[in-house]
Each structure stands twice: as structure tokens, then as C-alpha cells.
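Participant: Below are the sequence and a predicted model; questions follow.
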Amino acid sequence: MAKKNTVRIGGMPAVIDCRDLRKTYDGKVEAVRGLNLEIQAGECFGLLGPNGAGKTTTIEILEGLLEPTSGQVTILGQTWKSHARELREKIGISLQETRLSEKLTVRETVELFASFYREPRPTNEVLESLQLEEKADSWVGKLSGGQRQRLAVATALVGSPKVLFLDEPTTGLDPQSRRQLWDIIRAFQERGGTVLLTTHYMEEAERLCDRLAIVDHGQIIAEGSPAELIARLGGHHVVEFSLAENSHRAPESWQSLPGVDSVRNDDGLVCLSVREPHRTIPALLERVEQESAQLDRLTTRQASLEDVFVRLTGRHLRED
Amino acid sequence: MRTGNIVNMTIAQQTPPQQKEEQARPTRNGRWSGFLHILSVRMKELRREPEVIFWVFGFPILLALGLGIAFRNKPADVSSVVIISGAEAQDVLSMIERSPRKSSIHADVLGQSAALRGFRLGKYNLVIEPVGPSEIRYHYDPSRPDSVLARALADESLQSAAGRKDLIETSVIASSEPGSRYIDFLIPGLLGMNLMNAAMWGIGFALVDMRQRKLLKRFVATPMRRSDFLLALLSSRLVLMLIEVSLLLGFGVLAFHMRVLGSLWSILVIAAIGAISFGGLGLLTASRAQKIESASGLMNLVMMPMWIFSGVFFSGERFPAMVQPFIKALPLTALNDALRATILEGSSLVSQSGRILVLVLWGSISFALALRWFRWT
């Protein structure tokens, strides 16, 4: 899958521009604390972070559904304060957990949303591009989870939007439905659309997004393409192992192994961030034998966004 | 003819591609397309919910049927009396059975304690205690109308059987006009209550449900006009109102021979104003609740006083004079009174302007406040 390299053409305004965005609830809960975003046309931009990071608040402000406490938001060169009706014609959104009317058919639901736009796409075309034609006359209540999500995205795409906002689009879906939805999002991007999505699945962020912002506690703690972030912050490889007698040796003792960038102890599992696994692993095995210890587990893998997040915050993306 | 068939086949082969092109041409939606679609979707959803159909249409009719039968005007209520057994008991019994009032009195003979207990428990309305050969003691309860009636009937029977002469010539004209029966009073009241319930639940509850499901939030993110959305909800209420009025009045006329004196137009105008006003009240109660539970509680709080005080099942004038101004100020009272005046007495719309004003005030203030407070997200 070729991902687009974003080339910023000098002077071209960003599709989504957000400066120093802040949102405080009831004067106490600071959900968003000074966020800056600049998203270019044709990009797929992701907000990656754990639950409660402020992703949903941010995206709802950008969708015009929530008023920020302070900060400026510009979408396609217009603001919500001045051009709300026009902007709504040009964007499509999918909220987290919307329950559409169960006693309407798929076709009736799409047609209902189509009726709100000035020039909507033909219903059959929308249903076809989302692989819902077979279920066109079934009641929404009888659809599977994946089909319901596709219907939600269908309602977002029926107005031929320029920007698509998706809040956790694949939460709770099985892997196949997830991939189907990714294909649909990519197809939208290939036709020139811009996508902003929020997610807490690192695989989704890695595969779909051209650029990411990692969000935690209402702030962006890192930004860049997935590859950049991993290279810059995640290291290249991770070697994970645990020893049989579970002794807690000092992390520094492993740091001295060749090629080790940093060491982390994750509840008995030692994680080494390494640049050259072919040098580190033999040295590790030698050390283990020297100390007459026993290896319980040994895995080696490429660094992922999860590792980036853990290194930045000390926590995991998902609390399970 | 073979050549003809070949020509027809060629034309048939040509049309499908043209049809496909027409399908691909994008539609352009006019100003009211959103409104019309919301309205039609709302009607479809209601049609597909069988419980709603029962509660909105079936329940009031069942209620009218049940109450109408239970409280029907029987030719004359039969009074149950009990005679205390003893020497003269049989004489008293035969005097009653000889009298022209025989069909209105039913008499049993029991021992003293059983008779008094039966009277206390309401099984009998009067106890006749023969005290001597020409002396009778009545046990009755002056606070029970049935008891007062039983005593009067029994006494008249016994006195005329004993030979009392009536000195004044009397004649009787009996008239039983429909319009003064309980069912005539009840049906406009049920109609008013039904309009209120359906508006509060149909609009108020539906909105809270949509808010809880985030459907409101989803709609508001589209170019849909909020006013169109609310207008469509009200319009669907009015369409249903037409059906409700026809069903309930039709039922009253067919099953109970109700006489509708007012013009259908006046009745519909009043029902429409009632439906819209209660729609506004429903909108107000639903303006902020995030959960169905809290909205239900609030709606019951608003509706229950009116079920009791507004003259649905019995006249609100039975309550003490001190609370009458408050009762008259309630919107359901105004609606029921206006409906009764129009349906039973044929009053004009102009004569009901006071009550219509009450409804309009409730409605407009509710709408104004609701629109200011309404939580769309």
C-alpha cells in the first residue's frame, strides 16, 4: 500500500487549521490543553492516544459540534462561527457509537441523510461503494456490527464531502470488517478527500495514516509520520525477554550489552530497545549462560507506535 | 410477425443503458427535501412500532369501552334492601313485592347481625326492621345517595301498599337525551388526555431517546435545519391527531350513539391547537434530559396532576372552590372544556376563545423556553 508523501505546496492553506485549542468543562476538567494542528488536503491524519486523552473532544470541536473554550479553528478556510451551514455541506462525520433508527432500512437511512445536502450522491452508488447493496432493504436493527459501521460511514459520504471526520471508526469490529473499512477510507482519500480520524489502535494508525499526532492528557506529545515517529522515538528493534527465576536485576546491567539504546522493565519482562539485534542477542544469550540463568521468553520484533507511546508516557495505549 | 419482434427486441436492448445514465445523474434537493424526508421517516417508524399503535389508538378506545359499559345509564338502579327476620318480616316482604315499585327494589330477609353487617359492608343500602304490627324502623346512611334512594323507594312502596292516598294529580314525561350520559362526558375527556399523552410521549420522549443515542448530535452535524426537524415532528403529531379524533369520535358515535353537535372543523381546530401546545410542553420537558429515565420522571410529574384535576374522568368542579382557578389554568382543563363545549353543545370557536388563549399561552411560552434551553448535542 503506497502511502502518500505529503508535499506542502508553498502558500497552500491547510484544510484543517487549529491554533492553541483549549476546552475546559465546568471550569475544572481540562480536556484539551493547547492543541495545534495543520492538516493538508488529501492527507489521512490520525489522532492516536488512550481513552480520555481528549481526542473525541478535539474532533467534535473541529466538527463544529462543540464550542472551544479558546483557540481558533479554520476548516477549508472558513470558521464555524461565520460559515456553519456551508461547512456542514462540505464535511462528513462519523461519531463514536451512534445508534441509528433500527426500524428503518439501510436505503431509507442513506436517503434521509442525502435529503439534507444540496447535491447528494445517488443512493445506489453510495451503497455499492460501501458494499451494502445486498442489505439495502434490510432493517438497520438486523445488521452486523461491521455493516452498521459501514452504514454510518455511508451517511457521512453521501454528501460528497471534502473532509471526513471519523471518531474511532473501527472500535469493536472484527479484523475483517476493520480491513473493509480501511479500504473504504483509502478509496475516499484516493479520490482527493482529506481524512481526520481518532483511534487507540496502533495498527490502524500505522496502516492508514500519513501523519499522526500522539495525544495524551489533552496535549500533542509527538507528531509526524508513523515511520518518523518510530525511528525518532521508538528505536528500531525491540528485544523482549524474561528470566525464569524472575530476579529483578538492575536495568543498568543489561544496558551494557552491545547495541542497546535503552532498557525498560515491564512487570518482569525486560524490553531492550536496540539498533542491531544481531549483535545484542548473542551477547544476551552469552550473559545468560555465564550467570547460569534460564530464559523463559525471548522475542524480537520491530518497534511499533505502541513502543513510542510507552517510551513517551510510561503507559500503554490500551489499558487491558 | 417476426420482423416486428426483432424490432421490439432491438429497442428493448437499447433502453437499459439509458436508464443507467439517468440513475447516475445527481439529484438536487430543494428547500423542503429535508423536512419531507424527516416527516416520512417518522411516519414509517411509527407504523413499524406495534406498541405505539396500540397505546396511541387502541388504548383510549378500550378505556372508553370499558368505562362506558361500567358506568352506563341503567334504566333504574336496583336498590338492595334487607329485612330483619321476625314475625312481620314476611308481611313486609310481600308488601314490597306487591307494589308497583317492585322492579326497583330487591329485598332479602336475614337475621339481625347478618343484615346489619351486610348494610355496613355496602351489600345492602337499607335495613328494614319491623318493630311492631304497623311500625317499621329504617337503618340507612344519609351520606350514601343509594341509601337515601332506597329508603325513599321502600317507604313509598310500603306506605302505598298500606293504603296511603296521593292527593295531587301528577303525570310524567320521561326523557333520556344523549349528551348527558357519562359516556358523553367521558369521550371528549379521553380525547383531550390522549392528545396530551401522545404529544408529550411522541415528541418529548422521542427527542430524549434520540439525544441519548447521539442521533440528534449526528443530525446536527449535517446541513439539516433544526427548525425543519422540529416542524416535521409537530407535523407528524398533527397527522396522527386527525386519526385519533376520527377514531375516538367515530367509536363514540357508532358504539354509544353519541351525538356530535359541533362542526368537525371546530373540533379539529381545537384538537390541533391542543396537540401543538402539548407538543411545545413535550419539547420543554425534553429540552435537557440526557437519559430516558429522568425525562420519564419529569413527564409523569407534569401529566399526572392533569389526569386527576383536569376533568378527564370526572368534572374538576368537584374539587373545592379554592383550587378552581388553578384547575382552570391548566392546559388540559382548557382543552377538555373546549372539546366538550364544541362536541356536546355545538359551541362556536369564538365562544371558546378564552380556553384557546390558555392553550396558546402554554404552547408559546413552552416553545420559547424550550428553544432557548434545548440541548442538541
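Facilitator: Looks like it arrived, so ask away. Remember, predicted model here, so these are calculated numbers, not experimental data. Residues are numbered from 1 along each chain as shown, chains lettered A, B, ... in the order given.
Participant: residues of the lowest-mean-pLDDT helix or strand in chain A that come out buried?
Facilitator: Across the helices and strands of chain A, the lowest-confidence element by mean pLDDT, DSSP states H and E is helix A:251-255, at a mean of 77. The neighbour-count criterion (16 or more other CB atoms under 10 Å in any protein chain shown) identifies residue A:254 as the buried residues of helix A:251-255. Any C-beta I mention is one placed from the backbone N, CA and C, and that applies to glycine too.
Participant: Would you check the distance separating the following helix or strand past that helix from the middle of the chain?
Facilitator: Counting by DSSP states H and E, the element after helix A:251-255 in chain order, helix or strand, is strand A:260-266. Taking the mean C-alpha point of strand A:260-266 and that of its whole chain, the gap between them comes to 26 Å (CA atoms, centre = their mean, to the nearest Å).
Participant: same thing with stretch B:102-113?
Facilitator: Offset of stretch B:102-113 from its chain centre (CA atoms, centre = their mean): 38 Å.
Participant: Which strands or helices does the least confident helix or strand of chain A pack on?
Facilitator: The contact analysis (3 or more CB pairs under 8 Å, 6 or more residues apart in numbering or on different chains; DSSP states H and E) places helix A:251-255 against strand A:260-266, strand A:269-274.
Participant: Which of those strands sits closest to chain B?
Facilitator: Chain B lies closest to strand A:260-266 among the helices and strands packed on helix A:251-255, at 36.9 Å (CB to the nearest CB).
Participant: Pairing partners for that closest one, with directions?
Facilitator: When pairing is defined by DSSP bridges, strand A:260-266 lines up against strand A:269-274 (antiparallel).
Participant: On the C-terminal side of the strand it pairs with, identify the next helix or strand.
Facilitator: Where DSSP H and E defines the elements, the next helix or strand beyond strand A:269-274 is helix A:277-290.
Participant: Once you drop chain neighbours, what's closest to residue 133?
Facilitator: In the absence of a named chain, chain A is used. residue A:127 (4.8 Å; CB to CB, 6 or more residues apart in numbering or on different chains).
Participant: hmm, I had chain B in mind actually
Facilitator: Counting by CB to CB, 6+ apart, the nearest residue to residue B:133 once its immediate chain neighbours are dropped is residue B:88, at 6.7 Å.
Participant: For chain B, what's its nearest residue on the stretch 201-320 of chain A.
Facilitator: Evaluated by CB to the nearest CB, the stretch 201-320 of chain A has residue A:218 as its residue closest to chain B, separated by 19.4 Å.
Participant: residues contacting the closest residue to chain A within the stretch 251-377 of chain B?
Facilitator: Distances from the stretch 251-377 of chain B to chain A, computed as CB to the nearest CB, single out residue B:377 as the nearest residue at 5.2 Å. Residues near residue B:377 by CB atoms under 8 Å, 6 or more residues apart in numbering or on different chains: A:60, A:65, A:66, B:216, B:217, B:220.
Participant: neighbouring contacts of the stretch of helix or strand the first one belongs to?
Facilitator: Assessed by DSSP H and E, residue A:60 sits inside helix A:55-62. For helix A:55-62, the surrounding residues in contact (CB under 8 Å, 6+ apart) are A:16, A:18, A:21, A:23, A:31-32, A:35, A:47, A:49, A:66-68, A:73, A:75, A:96, A:165, A:167-168, A:196, A:198, A:215, A:218, B:377.
Participant: Moving along the chain from it, name the first helix or strand you hit.
Facilitator: In the C-terminal direction from helix A:55-62 (assignment by DSSP H and E), the next one is strand A:70-75.
Participant: Now do the same for that next one: mean pLDDT, whole number.
Facilitator: Strand A:70-75 comes out with an average pLDDT of 94.
Participant: Compute the inter-axis angle for the helix or strand that that strand is followed by and helix A:55-62.
Facilitator: Using DSSP H and E, the helix or strand that follows strand A:70-75 towards the C-terminus is helix A:80-90. Using axes from the mean of the first three to the mean of the last three CA atoms, to 10 degrees, one finds that helix A:80-90 and helix A:55-62 are set 100 degrees apart in direction.
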